[in-house]
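**Student:** Return atomic coordinates for the entry below.
(one chain, ligands or ions: 3)
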Amino acid sequence: MGEDSNQGSLPRHIAIIMDGNGRWARARLLPRYVGHREGVKSVRRVVEACLEKKIKALTLFAFSSENWRRPGEEVSLIMDLFVHALKKEVVALNRNGVRLRFIGDRTAFSDNLCALIAAAEEETRGNSDLELVIAANYGGQWDITRAVQLLAGRLATGELQPQDVTPEVLAAEICMADLPPPDLFIRTGGEQRISNFLLWQLAYTELYFTDVLWPAFDGHKLDEALLWYANRQRRFGRTGEQVEQQKGA
Ligand code: IPE
Ligand code: IPE
Ligand code: MG
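**Tutor:** Ligands and ions are numbered 1, 2, ... in the order given. From the prediction side, this is the model:
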């Protein structure tokens, strides 16, 4: 099967905007925080499903660079939840062959959270069954800006000339350069927007939107998304006939 034909295949890399925690809780007359807490259970379910299906990489949007605009109390409860989840989950993730890493600007996090993140990354570094990437204080514009800053530094020293700056050279500085770009993007919670998630990496990703709120997302809902994905024809600029021909070749 050619790399562009998709029929029946599983994504190598799934990226998810886990949205709808607050609405899930409010619908039950519960504080928004309870929705975030329930959302952690959905993370566990989806990670287990990805391990079972041997999906190589899963990137989860946990906190955007814009989420600091929320009430201080909600932000601080989300940070507490990160700390709690890291303390609780890393041993099992490690045992299950998951490599955990974080993308985003972690300088804004507490020393305690930074230390837990660093320890979790170190502890799971040797694993390769599933690459689990948590986007926390992440923004797609931040990611691209940071990559441009790195290139600008190399331009300033003369190591790089302006004409050397190609999409490939820039891509090498973007977060997750060592992973295949996401094949499938999922956003729960009904909104159809990217909200400054992976801007560069989603260039050719299949985009799937569902009204299901994140705390209600589970293995069956993931299967629905995977079935939808398996029926997409990925053309990467070519014609549908070309893709069919390549598949037959
Ligand atoms: C997503 O759920 C979780 C975070 C942004 C941290 P929301 O908290 O955005 O839930 P809704 O969109 O308000 O329902
Ligand atoms: C996006 O959800 C960020 C995360 C899920 C972490 P939001 O709920 O913050 O997105 P907007 O602000 O509604 O676009
Ligand atoms: Mg939301």
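**Student:** For the closest residue to Gly126 other than its chain neighbours, give me its contacts.
**Tutor:** Using Cβ to Cβ, 6 or more residues apart in numbering and skipping residues adjacent in sequence, the residue nearest Gly126 is Arg99, 7.7 Å away. In this view, the C-beta of every residue, glycine as well, is placed from N, C-alpha and C. By Cβ atoms under 8 Å, 6 or more residues apart in numbering, the contact set of Arg99 is 124-132.
**Student:** Figure out the helix or strand that Arg99 lives in.
**Tutor:** For Arg99, the enclosing helix or strand under DSSP states H and E is strand 98-103.
**Student:** Take the contacts of Arg99 and keep only those in helices.
**Tutor:** The helices, defined by DSSP state H, take in nothing from these.
**Student:** In CSV: those residues, plus neighbour count.
**Tutor:** Compiled in CSV, the contacts of Arg99 are given as follows (neighbours: other Cβ atoms under 10 Å):
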residue, neighbour count
Thr124, 22
Arg125, 12
Gly126, 9
Asn127, 17
Ser128, 11
Asp129, 14
Leu130, 22
Glu131, 23
Leu132, 25
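**Student:** This protein against ligand 2: which residues are in contact?
**Tutor:** Contact residues (Cβ under 6 Å from any ligand atom) of the chain with ligand 2: 17-19, 61-64, 67, 191, 193, 195.
**Student:** What is the nearest of those residues to Lys54?
**Tutor:** Nearest to Lys54 out of the residues of the chain next to ligand 2 is Met18 (Cβ to Cβ; 21.8 Å).
**Student:** doesn't Phe61 make contact with the closest one?
**Tutor:** Yes: using Cβ atoms under 8 Å, Met18 is in contact with Phe61, at 6.2 Å.
**Student:** Quick one: name the residues of this structure near ligand 1.
**Tutor:** For the chain, the contact set with ligand 1 under Cβ under 6 Å from any ligand atom comprises 18-23, 63, 67, 78, 189.
**Student:** Please, where are all the helices along this structure?
**Tutor:** Ranges of helices in the chain, per DSSP H, are 21-26, 32-53, 72-95, 111-123, 140-156, 167-171, 219-230, 240-248.
**Student:** Buried residues in the second one, which are they?
**Tutor:** Within helix 32-53, the residues scored as buried using 16 or more other Cβ atoms under 10 Å are 32-40, 42-43, 46-47, 49-51.
**Student:** before we move on, what about the first one?
**Tutor:** Neighbour counts over helix 21-26 (16+ other Cβ under 10 Å) mark 21-25 as buried.
**Student:** Export these as a markdown table, with columns for pLDDT.
**Tutor:** Converted to a markdown table, the buried residues of helix 21-26 look like this (pLDDT from 0 to 100):
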| residue | pLDDT |
| --- | --- |
| Asn21 | 98 |
| Gly22 | 98 |
| Arg23 | 98 |
| Trp24 | 98 |
| Ala25 | 98 |
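**Student:** From the buried residues of helix 32-53, pick the one nearest ligand 2.
**Tutor:** Checking the buried residues of helix 32-53 against ligand 2 by Cβ to the nearest ligand atom gives Gly39 as the nearest, at 9.1 Å.
**Student:** got a list of what the nearest residue to that closest one once chain neighbours are set aside touches?
**Tutor:** Of all residues not flanking Gly39 in the chain, Asn21 sits nearest, at 4.5 Å (Cβ to Cβ, 6+ apart). Residues in contact with Asn21 (Cβ under 8 Å, 6+ apart) are 32, 35-36, 38-39, 213-215.
**Student:** residue farthest from the centroid of this structure?
**Tutor:** Distance to the chain centre peaks in the chain at Gly158, reaching 34.3 Å (criterion: Cα atoms, centre = their mean).
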